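# below are the sequence and a predicted model for it; my questions follow.
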Amino acid sequence: QVQLQESGPGLVKPSQTLSLTCTVSGGSITTNYYYWSWIRQPPGKGLEWMGAIAYSGSTYYSPSLKSRTSISRDTSKNQFTLQLSSVTPEDTAVYYCARLKRLPPSDSDYGAAIRGQGTQVTVSS
């Protein structure tokens, strides 16, 4: 059974870079044909797909976040990492890592995805 677990700081200062790691167990991040994604949910809002790294290592980003987002992986540790630069309080959200089957995800794709439990990140000075 595949499980995902997010880790990283819960508080980030404005203008800094947010960095989160997702550790995957029960399956390999190089397995065809999944997209290992980062999703977030700001308070009172819906889920927002941020980007993904595919089984092949290719990366895909939401156009609205592309200039600030970088996703990488460490296959030896079966982990993938999110970096979001120049954060503002509007980046405050619960951040999830997830395994998706297609991009961009639809609402039903979110429901079918395997996700971590999520981690709260607050951007504040």
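Okay, I see it.

# show the pLDDT at Tyr110.
As predicted, Tyr110 sits at a pLDDT of 86.

# just checking, Val94 touches Arg40?
Yes: applying CB atoms under 8 Å as the test, Val94 and Arg40 come out as touching, 6.7 Å apart. Quick note: C-beta positions are derived from backbone N, CA and C, even for glycine.

# any low-confidence regions in this protein?
The model of the chain has no residue with pLDDT under 70.

# returning to what we had before: neighbour-wise, which of Val94 and Arg40 wins?
Taking neighbours as other CB atoms under 10 Å, Val94 and Arg40 compare with Arg40 leading, 22 against 16.

# ok, now how distant is that one from Tyr96?
7 Å (CB to CB, to the nearest Å).

# which residues do the two both contact?
Leu47 (CB atoms under 8 Å, 6 or more residues apart in numbering).

# which ones are touching the residue nearest the centre of the chain?
Ranked by distance to the mean C-alpha position of the chain (CA atoms, centre = their mean), the top residue is Trp38 at 1.7 Å. Counting by CB under 8 Å, 6+ apart, Trp38 makes contact with 20, 22, 49-52, 71, 82, 95-98.
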